[in-house]
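Student: Fold the following, please.
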Amino acid sequence: MSSSQSKALDDNLAAPAPTIESQTGNVRRETRLSRASRHGLLASLFVLVAVSEYLYPGFLMPQNIRNILGQSAPTGIVAVGMTFVMITGGFDLSVGSIYAAGATIYASLAVAGWPLPEAAVATIAIGFLAGLTNGLIVTKLNVNAFVATLGTMSAFSGLALIYSNSSPFIAPDPAFAELGRGHMLSIPISIWILLAFLVAGQLVLSRTVYGRQLYAIGGNDEASRLAGLRTEALRTSAYALSGACAAIAGMLIASRLGMGQADIGAAMALDAIAVVVIGGTSLLGGEGSIWRTAIGLLIVAVLTNLLDSLAISSHYQLVIKGTIVIGAVAVDSLIRSRR
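Tutor: Residues are numbered from 1 along each chain as shown. Next up, the predicted model:
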């Protein structure tokens, strides 16, 4: 052993071990930061709702609330899948293209005379395969998630345009519109579907071994691999789930519009990422939850409804949303740096 290595070893041995008090202090500090973040998120929503009601009397009317949630359902469903991906430390820019492809395929199969349940299963399967492709590119080819899904975003969009010949598939059948426009117990079916995804997603992440494994690989991929977790398969499954969620969201919008078109969903990826990031899911992985994504969805939905009611240009709305996303990421970085 060289003299420099011997000295380094002696220094490490001489360094005091962390005390119980210091470890307890770190835990308490993390708890306070987590609690402050959680309370700040809820407080932001309450303030935004109060401001909206003040500036737009009637905002809290049941009909308006139903409209807000119904219109936000596709984005919320995509955000559920995006939460799974981002918890693993990944990223998916292709959800907008899969969303548009799902709308196009579902409408085209309905127009072709397929029974709607079979058309739905086929559409979800295609979305799942698209997401699976993303996962395999990231895990097997070791392509950066941002670059991989940026490439598949273009590829999936092109395939949808080729499939549709750049023309919409119009489905006038009233049964086709039931999914996006129908009601159950006076509440739009799309809201029931959104609630089902939120509840199921929260239960999977918080109550199952699979959910805990996703958090583990997002927190420390190498340690998870050494612990025996199938990190590649787990990460790939998150992308496949994201693709299926995007396809289902596409089915909802196609049903609501009465048609499927391959050039919709240009802003879906940005909206879904904004919802998840505002909800507090870390871009670095290992942190996040579906209930926080639900709060992020409400914040974005309320803000969008308020800006629309005030006749704010969609161009300015993009600027505002982008600024909020940057602010949310900055807050996440600040919280991490103080731990």
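Student: Output the helix or strand containing Val277 in CSV with nothing but the alpha carbons.
Tutor: Under DSSP states H and E, the secondary-structure element containing Val277 is helix 268-278. Extracted in CSV, the C-alpha atoms of helix 268-278 (Å, rounded to 0.1, in the frame of the first residue of the first chain):
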residue,chain,number,x,y,z
MET,A,268,-50.2,16.7,-24.7
ALA,A,269,-46.6,15.8,-23.6
LEU,A,270,-46.0,19.3,-22.2
ASP,A,271,-49.4,19.3,-20.4
ALA,A,272,-48.8,15.9,-18.9
ILE,A,273,-45.2,16.7,-17.8
ALA,A,274,-46.4,20.0,-16.3
VAL,A,275,-49.1,18.2,-14.3
VAL,A,276,-46.6,15.6,-12.9
VAL,A,277,-43.8,18.1,-12.2
ILE,A,278,-46.2,20.6,-10.6
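Student: Who are the packing partners of whatever helix or strand comes next after that helix?
Tutor: Using DSSP H and E, the next helix or strand after helix 268-278 towards the C-terminus is helix 290-309. On a contact count with 3 or more C-beta pairs under 8 Å, 6 or more residues apart in numbering; DSSP states H and E, helix 290-309 meets helix 20-55, helix 62-87, helix 189-207, helix 268-278, helix 314-337. Glycine gets a C-beta too; all of them are placed from N, C-alpha and C.
Student: List the buried residues of helix 290-309.
Tutor: Neighbour counts over helix 290-309 (16 or more other C-beta atoms under 10 Å) mark 290-307 as buried.
Student: do stretch 40-50 as well
Tutor: 41, 44-45, 48-49.
Student: Kindly report the same for stretch 123-140.
Tutor: In stretch 123-140, counting by 16+ other C-beta under 10 Å, buried: 123-124, 126-128, 130-139.
Student: from these, which is closest to Gly182?
Tutor: Lowest distance from Gly182 to the buried residues of stretch 123-140 (C-beta to C-beta) belongs to Thr123, with 17.9 Å.
Student: Tell me how many other residues surround the nearest residue to that closest one once chain neighbours are set aside.
Tutor: Nearest non-adjacent residue to Thr123, counting by C-beta to C-beta, 6 or more residues apart in numbering: Tyr106, 4.4 Å away. Counted with other C-beta atoms under 10 Å, residues neighbouring Tyr106 total 32.
Student: With Ala246 as the reference, name the closest of the helices and strands packed on helix 290-309.
Tutor: Closest to Ala246 of those is helix 62-87 (C-beta to C-beta; 5.2 Å).
Student: distance between the closest one and the chain's centre?
Tutor: 9 Å (C-alpha atoms, centre = their mean, to the nearest Å).
Student: so Met153, which of the three states?
Tutor: Of the three states, Met153 takes helix according to DSSP: H, G, I helix; E, B strand; the rest coil.
Student: List the residues that contact it.
Tutor: With contact taken as C-beta atoms under 8 Å, 6 or more residues apart in numbering, Met153 is in contact with 93-94, 96-97, 269.
Student: Kindly report the same for Gly201.
Tutor: Gly201 neighbours (C-beta under 8 Å, 6+ apart): 80, 83-84, 290, 293.
Student: per-residue pLDDT, Ser314?
Tutor: pLDDT recorded at Ser314 is 83.
Student: With Val300 instead?
Tutor: The confidence metric pLDDT takes the value 92 at Val300.
Student: What of Ser190?
Tutor: For Ser190, the model assigns a pLDDT of 95.
Student: Neighbours of it, how many?
Tutor: Neighbourhood size, Ser190 [other C-beta under 10 Å]: 27.
Student: distance of it from Gln63?
Tutor: Relative to Gln63, Ser190 is positioned 15 Å away (C-beta to C-beta, to the nearest Å).
Student: ok, and the closest non-adjacent residue to Val260?
Tutor: Not quite, residue 260 is Gly, not Val. Counting by C-beta to C-beta, 6+ apart, the residue nearest Gly260 is Ala107, at 2.9 Å.
Student: The helix or strand hosting that neighbour vs helix 268-278, what angle?
Tutor: Per DSSP H and E, Ala107 falls inside helix 95-111. Relative orientation of helix 95-111 and helix 268-278, computed by axes from the mean of the first three to the mean of the last three C-alpha atoms, to 10 degrees: 130 degrees.
Student: which strands and helices sit next to helix 95-111?
Tutor: Judged by 3+ C-beta pairs under 8 Å, 6+ apart, helix 95-111 is in contact with helix 62-87, helix 116-140, helix 145-164, strand 169-170, helix 231-257, strand 259-260, helix 268-278.
Student: can I assume Gly89 sits in a helix?
Tutor: No - applying three-state DSSP, one finds Gly89 to be coil, outside a helix.
Student: rewinding a little: same list, the helices and strands packed on helix 95-111, but as JSON lines with mean pLDDT please.
Tutor: Shown next, in JSON lines, are the helices and strands packed on helix 95-111 (pLDDT from 0 to 100):
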{"stretch": "helix 62-87", "mean pLDDT": "95"}
{"stretch": "helix 116-140", "mean pLDDT": "97"}
{"stretch": "helix 145-164", "mean pLDDT": "96"}
{"stretch": "strand 169-170", "mean pLDDT": "96"}
{"stretch": "helix 231-257", "mean pLDDT": "97"}
{"stretch": "strand 259-260", "mean pLDDT": "96"}
{"stretch": "helix 268-278", "mean pLDDT": "91"}
